[in-house]
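*Asks:* here are the coordinates; sequence isn't available:
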């Protein structure tokens, strides 16, 4: 086996009941929820018992997914699984940075809550949404998005690119995608994340990060906007992280870069298995596993030889 990477889930992966089984079975996961609960009373109930509608609101989604991500990663570490690098998808990048020591848990959680509030304000100011375009390659989707007046924002896999925009732009996009024999799937998100409509969120994050600059990471954290490891310089790190809210997530490039550096085992930490599927659709000859439940945790431990 080569190197191991943890992949921290992002917005859209949330679902009712997420993290509950793991918190009941794993002391490290429960300790993570308990610590974050002190900062946001009701967080555990939101994750374990919240409705789909409640969890879709971005001010709720971001702290709850952050909590499940971090709890799953800490449970793996408690069993001796130490990643050689980490990456997080969208808001998962904040969880990845926190796990790697760029922020303490309290500051990382405060950051993700502030990020959620800032992005929710952008959603209210700019009604918008996102569509996952499948069965078409990225250059084709980029051209169709430009014609529609929308923006390609998440490069998920070679045949899936997410586009963000206003309702009118997305309606035009759907017609163009259909004409190109692709499919445009509506996403369960509240706005046009990682697009220019989130510029105010990036500005607000930059201001917040001036008072709480990130520290160098160990293990390395791969950045969404570049598909490369974060630099060591705190100011450069802060600039990348603030800009991430309004710039594309280059996930395919990230996975391909990790593979080129000898990574062959990818463990998705947090709710769902979306990132696991992206790995399977992007890379060959690798192992991709999700880790949200006790059963999935056991499968990871068996795969990496820790059980």
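*Replies:* Cool, the structure landed. Note that the structure is predicted; figures quoted are calculated from it, not measured.
*Asks:* Now do the buried residues in the worst-scoring helix or strand of the chain on mean pLDDT.
*Replies:* Taking mean pLDDT, DSSP states H and E as the measure, the helices and strands of the chain show their lowest mean at helix 52-56, namely a mean of 90. Along helix 52-56, the positions that meet the burial threshold by neighbour count (16 or more other CB atoms under 10 Å) are 55, 56. In short, each C-beta sits where N, CA and C put it, glycine included.
*Asks:* contacting residues around that helix?
*Replies:* Contacts with helix 52-56, where a contact means CB atoms under 8 Å, 6 or more residues apart in numbering, come from 14, 15, 16, 46, 60, 61, 64, 188, 189, 190.
*Asks:* swap in stretch 289-307?
*Replies:* Under the contact criterion CB under 8 Å, 6+ apart, stretch 289-307 has outside partners 1, 4, 18-19, 21-22, 25-26, 68, 72, 75-76, 79-81, 265-273, 275-276, 287.
*Asks:* got the buried residues for it?
*Replies:* Residues of stretch 289-307 classed as buried: 289, 290, 291, 292, 293, 296, 297, 299, 300, 301, 303, 304 (neighbour count, 16+ other CB under 10 Å).
*Asks:* what do you get for stretch 207-222?
*Replies:* Neighbour count says stretch 207-222 has 208, 209, 214, 217, 219, 220, 221, 222 buried, by 16+ other CB under 10 Å.
*Asks:* Would you reformat these as TSV and include distance to residue 172, secondary structure and pLDDT?
*Replies:* Rendered in TSV, the data for those read as follows (distance: CB to CB, whole Å; DSSP: H, G, I helix; E, B strand; the rest coil; pLDDT from 0 to 100):
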residue	distance to residue 172	secondary structure	pLDDT
208	35	helix	96
209	36	helix	97
214	39	coil	96
217	41	coil	93
219	43	coil	97
220	40	coil	97
221	37	strand	98
222	34	strand	98
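*Asks:* between those, which is closest to residue 176?
*Replies:* For these, the residue nearest residue 176 by CB to CB is residue 222; the value is 31.9 Å.
*Asks:* Quick check, the closest one in contact with residue 230.
*Replies:* Yes. Between residue 222 and residue 230 a contact is recorded at 7.4 Å, counting by CB atoms under 8 Å.
*Asks:* related to what we said a few turns ago, in the buried residues of stretch 289-307, which has the lowest confidence score?
*Replies:* Least confident entry in those, by pLDDT: residue 304, with 89.
*Asks:* returning to that earlier point: give the rounded mean pLDDT of the next helix or strand after the least confident helix or strand of the chain.
*Replies:* Counting by DSSP states H and E, the next helix or strand C-terminal to helix 52-56 is helix 58-78. Helix 58-78 shows a mean pLDDT of 95.
*Asks:* Check stretch 114-127 too.
*Replies:* The average pLDDT within stretch 114-127 is 94.
*Asks:* now, which of the buried residues of stretch 289-307 lie within helices?
*Replies:* Secondary structure from DSSP state H places 296, 297, 299, 300, 301, 303 of the buried residues of stretch 289-307 in helices.
*Asks:* Between the residues you listed, which sits nearest residue 235?
*Replies:* Top of the list for closeness to residue 235, among those and by CB to CB, is residue 300 at 35.9 Å.
*Asks:* any idea how far that closest one lies from residue 171?
*Replies:* When distances are taken as CB to CB, to the nearest Å, residue 300 and residue 171 turn out to be 42 Å apart.
*Asks:* cool, and residue 214?
*Replies:* The separation that residue 214 has from residue 171, given CB to CB, amounts to 39 Å.
*Asks:* One more: residue 96?
*Replies:* As judged by CB to CB, residue 96 and residue 171 stand 35 Å apart.
*Asks:* Neighbour count for these two, which is higher?
*Replies:* When residue 96 and residue 171 are compared on other CB atoms under 10 Å, the one with more neighbours turns out to be residue 96, at 32 against 15.
*Asks:* what about stretch 257-266, how long is it end to end?
*Replies:* 13 Å (CA to CA, to the nearest Å).
*Asks:* now do stretch 218-232
*Replies:* 10 Å.
*Asks:* Tell me which helix or strand comes right after the helix or strand hosting residue 5.
*Replies:* Using DSSP H and E, residue 5 maps to strand 3-8. Next in sequence after strand 3-8, counting helices and strands by DSSP H and E, comes helix 20-25.
*Asks:* Give me the next element, helix or strand, following that following helix.
*Replies:* Following helix 20-25 in sequence order, the next helix or strand is helix 27-39 (DSSP H and E).
*Asks:* now the strands: where do they sit in the stretch 201-307 of the chain?
*Replies:* Taking DSSP state E, counting those that start in this stretch as the criterion, the stretch 201-307 of the chain carries its strands at 221-222, 263-269, 287-291.
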